[in-house]
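Student: Dropping a prediction and its sequence here:
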Amino acid sequence: MTGWRFYPFTDFVESIADLDDPEFEGYLDNWVAKRGADTNPLLVRAEYYNDLAWARRGHGFNKDTPADKQAAFRTYMDNALADSEAALQAGASSPFAFALHLKILRGRGLTQELLVAFGEAIAKQPDYYPLYSTVLEMLQPKWGGNIPAMYTFVDRYAGSAPATSPLQLLYVELYNDLVDAAGTQCSVQGLSNDKLTACVSDLVKQIMAPGVEAALPGVMRLYDTADKYEFGLALERTITDALNGYDGLAYGGALLEAAAEGLHSNTELTPDHPVANNYVIDELVGLSWYLKGNYDNALTKYRAALDDVSRTALPDEAARDVAQAGVYEHIADTYARINLPDSIAYSEAAVTLGDRTLQEYLACYDYDQIKNYDAAIATCSKAIDEGANAPAAHYWRAVAYGSSGDNDNALKDFAVAAGADTYVRSAAAINMSMVYFARHDNQGALDVLNRYDFLYDPARNDNEGMSVAYNNRCYAYMQLGQLQKALDDCNASLKYGAIPDAMSKQQQLLKMLQKPAAGL
């Protein structure tokens with residue numbers, strides 16, 4: 001255990017599960033059956049069930065989540081909790097075991113059961129920071145907590161901890177969580193961007209006690225007494241979340257300035273008096289420029305981060321590889337906005353050097369965009385094998401298969417992508433129907449369009465996606481002679497979007513059925 005992580009065990013176990021392999025659960029069941037006194041099989045299966053629960057449910061609000069998905073979520077979470085409890089009862093005592101138990105309970109919201117489990121966990125692992133971070137997050141109002149409870153929690157555990165304790169980082173987490181609480185409260189009001197920013201700013205002023213910001217410089221000075229490498233990683237995760245949060249460039253920027261001072265660095269693009277910056281600070285400054293849309297400045301700071309990595313004393317060469325690969329990953333993401341071949345090169349470097357498997361999926365996408373379909377298929381296949389954003393990788397491999405004329409394999413991959421609760425599922429289902437239309441198999445296209453009910457659900461598809469889905473199904477019904485159903489779908493398509501093709505078919509159908517246009 002380090003100051004802020006249980007490493008590498010946590011990363012290892014969280015990377016094992018293959019949610020796309022229908023046989024994977026059976027392998028885990030066999031392992032658990034033969035486990036003897038070993039609690040690790042139970043922990044791995046608990047992690048698998050937890051991941052599967054969220055994959056089946058999605059991450060939308062309860063009101064937007066269909067009943068069948070909520071039922072599947074509860075079933076898998078019950079399985080996860082049973083395995084986690086069995087592991088603890090059998091003697092599991094690692095930091096990971098207690099953190100996993102809290103993570104699973106978090107899926108039920110802020111409950112007395114979670115708070116009791118937290119007390120039991122810190123009695124056994126009092127110095128393990130993620131236990132405290134998890135509960136502080138759950139004390140936000142959106143999970144059933146309240147602002148005073150957040151302050152009480154941090155005062156109790158960070159306020160009484162030594163100045164050199166990792167728990168001091170709870171003040172930074174509190175800062176983030178208060179901004180998030182304000183943003184959540186304002187976002188449900190349906191405000192415009194300008195009014196949302198003003199609302200968040202006003203609410204933060206009301207709920208952010210002066211002592212929170214006043215504590216930040218002291219927390220950042222932990223750098224001088226803590227493990228510098230581990231402290232930098234902990235800050236990077238926290239400030240990255242802040243920069244990507246509500247009004248992140250304002251509040252995340254304030255954290256970044258405080259961190260830069262504590263880490264004896266600066267945030268200037270080209271300092272008048274260059275200093276040997278901490279590479280984490282340069283990465284975060286690069287991210288702030290990226291979020292502003294200034295990609296040239298982002299690249300400048302990311303290249304500076306690479307120079308800083310080369311000069312920094314790190315625990316070992318593996319840590320150096322991981323640090324450098326992380327910067328490559330940022331550079332690849334930035335080049336994806338301006339130069340795809342360079343994005344591919346840095347993505348592949350990140351994978352080779354630091355096993356950044358998500359970059360395999362991104363390189364697969366980039367290859368597809370520059371029409372190198374053979375490379376896209378090969379890279380997507382590798383991303384799928386390693387579980388790197390697998391549904392999206394299946395989607396882009398399907399596109400590459402289709403573009404290269406292999407529609408049978410394209411259909412198989414589109415089906416996988418359409419069956420996963422991710423942002424590509426609507427496009428995957430639509431593309432499946434287009435393959436059948438191209439084969440003049442209108443019934444096959446209709447079967448696909450009727451198979452995926454999320455295409456017509458405003459809670460699970462956007463207006464553009466529904467407009468296209470209704471338009472395609474209108475065409476299928478029209479070709480099969482079911483004219484009234486076709487007209488109903490064309491009318492629905494035009495309700496969600498102004499597709500000229502839907503309007504044209506609507507007029508044809510009205511003539512064929514001899515009906516006036518709706519609303520005329």
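Tutor: Structure's in. What do you need?
Student: what's the following helix or strand after whichever strand or helix holds Val13?
Tutor: Secondary-structure assignment from DSSP states H and E places Val13 in helix 9-14. Next helix or strand after helix 9-14 toward the C-terminus (DSSP H and E): helix 24-33.
Student: residues of that following helix that come out buried?
Tutor: Across helix 24-33, burial judged by 16 or more other Cβ atoms under 10 Å covers 24-25, 28, 32. For glycine as for every other residue, the C-beta is placed from the backbone atoms N, C-alpha and C.
Student: quick one: the nearest residue to Tyr246 once chain neighbours are set aside from Ala325, how far?
Tutor: Leaving out its chain neighbours, the residue that sits closest to Tyr246 by Cβ to Cβ, 6 or more residues apart in numbering is Gly183, at 2.8 Å. To Ala325, Gly183 is 31 Å away according to Cβ to Cβ, to the nearest Å.
Student: Please apply the same query to Leu88.
Tutor: In terms of Cβ to Cβ, Leu88 sits 35 Å off from Ala325.
Student: Work out for me the element the closest residue to Ala415 other than its chain neighbours sits within.
Tutor: Beyond its immediate neighbours in the sequence, the residue positioned closest to Ala415 (Cβ to Cβ, 6+ apart) is Met432, lying 6.7 Å away. Using DSSP H and E, Met432 sits in helix 425-438.
Student: Toward the C-terminus from that helix, list the very next helix or strand.
Tutor: Sequence-wise, the next helix or strand beyond helix 425-438 is helix 442-451, with elements assigned using DSSP H and E.
Student: Centre of the chain to that following helix, how far?
Tutor: The chain centroid and the centroid of helix 442-451 are separated by 32 Å, computed with Cα atoms, centre = their mean, to the nearest Å.
Student: mean confidence score for that helix?
Tutor: In this model, helix 442-451 has a mean pLDDT of 96.
Student: Could you give me the buried positions within the following helix or strand past it?
Tutor: Where DSSP H and E defines the elements, the next helix or strand beyond helix 442-451 is helix 463-479. Using 16+ other Cβ under 10 Å as the test for burial, helix 463-479 gives 465-478.
Student: Now for Glu230: which residues touch it?
Tutor: Counting by Cβ atoms under 8 Å, 6 or more residues apart in numbering, Glu230 touches 2-5.
Student: Where does confidence bottom out across those residues?
Tutor: Comparing these by pLDDT, Gly3 comes last, at 76.
Student: list the contacts for the nearest residue to that one once chain neighbours are set aside?
Tutor: In space, and not counting its chain neighbours, Gly3 is closest to Pro166: 4.3 Å by Cβ to Cβ, 6+ apart. Residues near Pro166 by Cβ under 8 Å, 6+ apart: 3-4, 127, 129, 222, 226, 234.
Student: Could I get the phi/psi values of Pro166?
Tutor: Per-residue torsions, Pro166: phi -60, psi -20 (degrees, to the nearest 10).
Student: just for the stretch 401-520 of the chain, where's the confidence low?
Tutor: Applying pLDDT under 70 to the stretch 401-520 of the chain flags the ranges 515-520.
Student: quick revisit: gap between the residue nearest to Ala415 and Arg237?
Tutor: Computed as Cβ to Cβ, the Met432 to Arg237 distance reads 38 Å.
Student: Please parse this structure into its domains.
Tutor: The chain breaks down by automatic domain parsing into domains covering 1-138, 146-264, 431-520.
Student: Tell me which residues of stretch 186-195 come out buried.
Tutor: For stretch 186-195, the neighbour count (16+ other Cβ under 10 Å) marks Cys186 as buried.
Student: Which element, helix or strand, includes the residue lying closest to Pro315 once chain neighbours are set aside?
Tutor: Spatial nearest neighbour of Pro315, excluding adjacent residues (Cβ to Cβ, 6+ apart): Tyr229 at 5.9 Å. Here Tyr229 sits within helix 228-243, counting by DSSP H and E.
Student: got the CA positions of that helix in PDB?
Tutor: What follows is helix 228-243, C-alpha atoms only, in PDB (Å, rounded to 0.1, in the frame of the first residue of the first chain):
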ATOM      1  CA  LYS A 228       6.500  12.800  -4.400                       C
ATOM      2  CA  TYR A 229       5.600  10.400  -7.100                       C
ATOM      3  CA  GLU A 230       2.500   9.000  -5.400                       C
ATOM      4  CA  PHE A 231       1.400  12.500  -4.300                       C
ATOM      5  CA  GLY A 232       1.600  13.700  -7.900                       C
ATOM      6  CA  LEU A 233      -0.500  10.800  -9.100                       C
ATOM      7  CA  ALA A 234      -3.200  11.500  -6.500                       C
ATOM      8  CA  LEU A 235      -3.300  15.200  -7.300                       C
ATOM      9  CA  GLU A 236      -3.400  14.400 -11.000                       C
ATOM     10  CA  ARG A 237      -6.600  12.300 -10.600                       C
ATOM     11  CA  THR A 238      -8.300  14.900  -8.400                       C
ATOM     12  CA  ILE A 239      -7.500  18.000 -10.500                       C
ATOM     13  CA  THR A 240      -8.300  16.200 -13.700                       C
ATOM     14  CA  ASP A 241     -11.800  15.500 -12.300                       C
ATOM     15  CA  ALA A 242     -12.000  19.200 -11.300                       C
ATOM     16  CA  LEU A 243     -11.000  20.500 -14.700                       C
END
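Student: Before I go, just wanted to say thanks for your time.
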